[in-house]
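Enquirer: quick one: sequence plus predicted model below, questions after.
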Amino acid sequence: FQDAFVSQAWLRHARQLLAASGKGTADAGISISPYLSLEVRRDHLIEDSLTQIALNFKDLKKPLKVNFVGGGEHGIDLGGVQKEFFQLAIEAVFNPANTMFRYCESHCLWINGASLESAEEFRLVGILLGLAIYNGVILDLHLPLVMYKKLIGQPVGLADLASVDAALAS
């Protein structure tokens, strides 16, 4: 429960910063940076990433540059830091100890129906996955076929759901 409350507090904080900066309005200024730049701490990777993604929503279609900050760490992102960022983020988000996702019967990751996280947090995880795709980063992530069919707009039915949860599909 504590992780859910912390995550919700981070989202509220990001929304407040967004509203206070005026960037949440349609007439927000145009960023002059050609990149979506994320400065994240390794020990707060998910919180920092999701907060900055929420704050820089208009920059999502720019190439990603990641900078790990804190702990005396400095590095120029020439692709390796970006790949490491996505690997660490995916490990953290899809960790079975985290309550957002669970392993289904087909040994793929599926949305945990008992999760306490908000729909906004799932949306931001989707944006994080989209950023990886947009930036050409291949992730070691095993999702069921029904998820991919839904993402590309193909119809899904009970037979597709059976591969994830046979009891629910019957």
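Expert: Okay, I see it.

Enquirer: was I right about S49 contacting A89?
Expert: Yes: counting by C-beta atoms under 8 Å, S49 touches A89, with 6.0 Å between them. C-betas here are computed from N, CA, C, even on glycine.

Enquirer: show me the common contact partners of these two, please.
Expert: Each of L128 lies in contact with both S49 and A89 under the rule C-beta atoms under 8 Å, 6 or more residues apart in numbering.

Enquirer: in terms of neighbours, single out the busier of the two.
Expert: The residue with more neighbours, out of S49 and A89, is S49; 26 against 23, by other C-beta atoms under 10 Å.

Enquirer: quick one: contacts for that one?
Expert: By C-beta under 8 Å, 6+ apart, the contact list for S49 reads L38, V40, F85, A89, L128.

Enquirer: how far away is the last one from P155?
Expert: The reference is to L128. Distance of L128 to P155, given as C-beta to C-beta, to the nearest Å: 27 Å.

Enquirer: cool, the first one as well?
Expert: Distance check for L38 against P155: by C-beta to C-beta, it reads 36 Å.

Enquirer: and the second one, by the same measure?
Expert: In this structure, V40 and P155 are 38 Å apart, going by C-beta to C-beta.

Enquirer: appreciated, that's everything.
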